[in-house]
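Enquirer: what's the 3D shape of this:
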Amino acid sequence: MPITVTAPRGVLTDAGEREILPRLTAALIDISGASGNAFFTSIVGGTVHVLAPERIYAGGGNRPVVMVELKLPNIGLPDPASRAAFVTAATDIVDALTVAGHDRANTWVNVLNALDGGWGIGGVAYTGDALIAAVASAAEPATMR
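Expert: Below is the predicted model of the structure:
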């Protein structure tokens, strides 16, 4: 489940550039109820893109917007409440990792879902049911397998 963070240079603190992805990953895992699930944890990753400020636009002009985009299968964050929880958590994380004066209104979070069967790992196109089975299998105690 890739998380992409795009920010203008100088808006994230140095620590923020290093910590934003681990913190967003932890928030997603927690909100998904998958803490401790090795399979789920292993399929969350992402990138941080720090661009020249003049390359970030909003409303047709340069603006110091930090964008967080989460792509996940259609079973991930399946309801409005879980998506809202991630949006709030991600915005709070950005707030904690940006320089003083970053306006919360300049943090945008998007959650995008792949269609059933449109989620691939290692060349395998997973359906929602197959992913649920993999996550459930990883959650079973080792003695039950």
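Enquirer: And the lowest-mean-pLDDT helix or strand in the chain, how far out from the chain middle?
Expert: When the helices and strands of the chain are scored by mean pLDDT, DSSP states H and E, helix 128-139 comes last with a mean of 76. Averaging C-alpha positions (Cα atoms, centre = their mean, to the nearest Å) puts helix 128-139 20 Å from its chain's average.
Enquirer: Kindly report the same for stretch 31-38.
Expert: Centroid separation for stretch 31-38 versus its chain: 14 Å, with Cα atoms, centre = their mean.
Enquirer: measure that stretch end to end?
Expert: 16 Å (Cα to Cα, to the nearest Å).
Enquirer: can you list the weak-confidence ranges in this protein?
Expert: 139-145 (pLDDT under 70).
Enquirer: quick one, helices of it?
Expert: Using DSSP state H, the helices assigned to the chain run over residues 14-31, 38-42, 80-97, 128-139.
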